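Q: sequence and predicted structure, then a few things I'm wondering about:
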Amino acid sequence: MTRINVTVDGVSYSDEVEPRTLLVQYLREGLGKTGTVVGCDTSNCGACTVHLDGTSVKSCNVLAVQADGHEVTTIEGLAENGELHPVQQAFHECHALQCGYCTPGMIMQACDVLKNNPDPSEQEIREGLEGNLCRCTGYHNIVKAVQQAAGAMSSSSSQAVSS
Amino acid sequence: MIPAQFDYVAPGSVEEAVAALAEHGDEAKVLAGGQSLLPILRMRLNAPGVVIDLGRIPELQGVTEDGDHLVIGAMTTYAAVLASEAVSTHAALLSKAIATVADPQIRHRGTVGGALVHADPAGDVGAPALALGAELVIAGSGGSTRTVAAEDFFEDLFTTAVGEGELLTQIRIPKHTGWGAHYEKFVRVSHQWSIVGVAATVRSEGGSIAEARVGLTNMGSTPLRAKAVEEALVGQPATDEAVRAAVASVAEGTNPPSDLNGDADYRKHLATVLTRRAVLAAAGA
């Protein structure tokens, strides 16, 4: 067993883990953060995407011990004070999900895309979500949601600047 | 599935890492970015007794300049290479190829050194490293280092010159400042391995090709350099007709695999088409 100290969704944890524990397993089984899901066994699908020190990673492809001393944000840490994150809100409004299984990873990756490029083109959104699979073929509304979120986030940040 | 049990070591320096390799011998597996190794461990295609994580060795990370060379630490992530102005200025071919690797999440974690030592013939880093004439710095026991040219580095499928107890530490790339570059990759679906890829970089002079370097991905058990094509391109105008003729023989002497994505003849045809496209794009035509 190896001791790790990790901050997850703003809360510090110190735990003993087996070195073979995947980060996603630690999040789900260790911390009960089942908002992050496991979709595949091959690191293809992106459903388990979380942010590690602010950048997106597939948490089935990172060991929990590698996260020692680092900060993790999951889908459960996005909403603030009961208010959905603009990307979550846009997924809701644009009906950007059917079964919803890919949604946590899609939203986390969409946040990463918008962090690096606040005004992406449709092509840039599709390329940015290249590592996230939706098997309901719902990409169309997912792209629309990311576009809507980009608009909402830029207008709220320009309001913040002007106020 | 989760990996079989292993012990975990996270050395803080290259010296400690080499010592750990010496201590654990062939029980040990080196973990770089983990984007190939972790799926292998999860599928239990490999079950090492000890995993040596290089992620806590600062000296293995980052891009620096050393005169007419770029020096890329083996643990530099794809994302860090893509963010490096030095790489896009002096080794544009490497940036262009790495931009096509897998997907954004994997590019945040995967490393240049990890990809080179993993040596998957369908990986996208070997061909540009070969075309750019990279030199690979390998650390061994007792603080020793040796440097291997890229053309001697790749030995076979998943096999490189990095021997037992050794560690790749740096990738040294001669600067190709002002050279145009393009990586043309053919895949059926997004974020998959190259069916065939072609890395081309060209120095142009007055509308014609003064020098060219061409590397091939997945056209054999290792990345390949197309030296005869490079020579045939010298002095040619960057026109479709001239480049088409100069690259016509690019598949000669290659030994690509046949699999569900395509048979060897199909790959040889693809290599010819993709090389023409890559060279024309690199020449700005």
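A: On my side now, so go ahead.

Q: dihedrals phi and psi, the closest residue to chain A within the stretch 51-200 of chain B?
A: Scanning the stretch 51-200 of chain B for the residue nearest chain A gives B:Asp103, at 2.6 Å (criterion: CB to the nearest CB). C-beta: built from backbone N, CA, C; applies to glycine. Dihedral pair for B:Asp103: phi -140, psi 170, per degrees, to the nearest 10.

Q: how about it, nearest residue that isn't a chain neighbour?
A: A:Gly131 (2.6 Å; CB to CB, 6 or more residues apart in numbering or on different chains).

Q: in this structure that neighbour contacts B:Val101, no?
A: No: in this structure A:Gly131 lies outside contact range of B:Val101 using CB atoms under 8 Å: 10.8 Å.

Q: one step back: quick one: the residue of the stretch 51-200 of chain B closest to chain A from B:Thr239, how far?
A: 36 Å (CB to CB, to the nearest Å).

Q: okay, the two: which has more neighbours?
A: A count of neighbours by other CB atoms under 10 Å in any protein chain shown puts B:Asp103 above the other of B:Asp103 and B:Thr239, at 25 against 14.

Q: how about the more buried one, what does it touch?
A: A:46, A:130-132, B:190-191 (CB atoms under 8 Å, 6 or more residues apart in numbering or on different chains).

Q: any of those buried? List them.
A: A:46, A:130-132, B:191 (16 or more other CB atoms under 10 Å in any protein chain shown).

Q: which parts of chain A are strands?
A: In chain A, the strands defined using DSSP state E lie at A:2-8, A:11-17, A:49-52, A:55-58, A:71-73.

Q: so can I have JSON lines of these showing distance to A:Met153 and mean neighbour count?
A: Below are these laid out as JSON lines (distance: least, CB to CB, whole Å; neighbours: other CB atoms under 10 Å in any protein chain shown):
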{"stretch": "strand A:2-8", "distance to A:Met153": "24", "mean neighbour count": "18"}
{"stretch": "strand A:11-17", "distance to A:Met153": "25", "mean neighbour count": "13"}
{"stretch": "strand A:49-52", "distance to A:Met153": "16", "mean neighbour count": "26"}
{"stretch": "strand A:55-58", "distance to A:Met153": "17", "mean neighbour count": "26"}
{"stretch": "strand A:71-73", "distance to A:Met153": "16", "mean neighbour count": "20"}
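
Q: dump those into TSV; add distance to B:Pro11 as well.
A: TSV is the format used below for those (distance: least, CB to CB, whole Å):
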stretch	distance to B:Pro11
strand A:2-8	14
strand A:11-17	19
strand A:49-52	21
strand A:55-58	22
strand A:71-73	23
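
Q: which of the ones you listed sits closest to chain B?
A: Comparing the strands of chain A by CB to the nearest CB, strand A:55-58 comes nearest, at 4.7 Å.

Q: how about the CA coordinates for the closest one, as PDB?
A: Extracted in PDB, the C-alpha atoms of strand A:55-58 (Å, rounded to 0.1, in the frame of the first residue of the first chain):
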ATOM      1  CA  THR A  55      -6.100  19.700 -17.600                       C
ATOM      2  CA  SER A  56      -8.300  16.800 -18.900                       C
ATOM      3  CA  VAL A  57      -7.100  13.200 -18.500                       C
ATOM      4  CA  LYS A  58      -8.700   9.900 -18.800                       C
END
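
Q: hmm, which of the buried ones among the contacts of B:Asp103 is lowest in pLDDT?
A: Lowest in pLDDT among the buried ones among the contacts of B:Asp103 is B:His191, which has 81.

Q: and the gap between the closest residue to it other than its chain neighbours and A:Ala110?
A: Nearest non-adjacent residue to B:His191, counting by CB to CB, 6+ apart: B:Asp103, 4.2 Å away. B:Asp103 sits 13 Å away from A:Ala110, going by CB to CB.

Q: circling back to that earlier point, got the buried ones among the contacts of B:Asp103 as a markdown table, with distance to B:Ser84 columns?
A: Converted to a markdown table, those look like this (distance: CB to CB, whole Å):
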| residue | distance to B:Ser84 |
| --- | --- |
| A:Gly46 | 25 |
| A:Glu130 | 22 |
| A:Gly131 | 22 |
| A:Asn132 | 26 |
| B:His191 | 22 |
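
Q: tell me who's in contact with the residue nearest to B:Asp103.
A: A:44, A:46, A:49, A:58, A:109, B:102-106, B:191.
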